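1. got a predicted structure plus its sequence, pasted below:
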Amino acid sequence: MTRDSRPLPTDAELEILRVLWTRGPSTVRQVFEDLQTAKPVGYTTVLKFMQIMADKGLLRRNEDQRTHVYESVAPQESTQRQLVGDLLDRAFGGSASQLVMQALSARKASRAELDHIRELLDMYQEKHK
């Protein structure tokens, strides 16, 4: 468990969460159909994953209708923050600058992305004065 006591989602669980963050509350069939566009996956596999995710507290299941509707418990930003925090602690010893440098060296950032990062850093600095 991490600091905020939610379990970290696995890679497969993140794929399901991405669909739910984009679509909003959805049935297993809807999630399955979205996942199918990227790679073959079985309906029962998606169903089982979503049931496990609900048991873990990653998803909320609405059982009011015959077809259950699932939604993410946490917003995308919160889950991303949790994952980055875990990576920051485990791989970079808590050093945000090392994390940023490795992220920038792993993939080439466009000029526009670098400008946006500078703006975000300036805003962050202003906010935390």
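-> That came through, no problem. Residues are numbered from 1 along each chain as shown.
2. Arg23 contacts Leu35, doesn't it?
-> No: applying C-beta atoms under 8 Å as the test, Arg23 and Leu35 come out as separate, 11.2 Å apart. Heads up, the C-betas are built off the backbone N, CA and C, glycines and all.
3. those two: which has the busier surroundings?
-> Leu35 (21 against 13; other C-beta atoms under 10 Å).
4. how near is the more buried one to Glu15?
-> Look at Leu35 and Glu15: by C-beta to C-beta, to the nearest Å, they are 6 Å apart.
5. before we move on, what about Ala38?
-> 8 Å.
6. of these two, who's got more company?
-> In this view Ala38 and Glu15 are compared by other C-beta under 10 Å, and Glu15 has more residues nearby, 18 against 10.
7. so that one makes contact with Gln36?
-> No: counting by C-beta under 8 Å, Glu15 stays clear of Gln36, with 11.5 Å between them.
8. what's the domain layout of this protein?
-> 11-72, 76-127 (automatic domain parsing).
9. many thanks, I have nothing further to ask.
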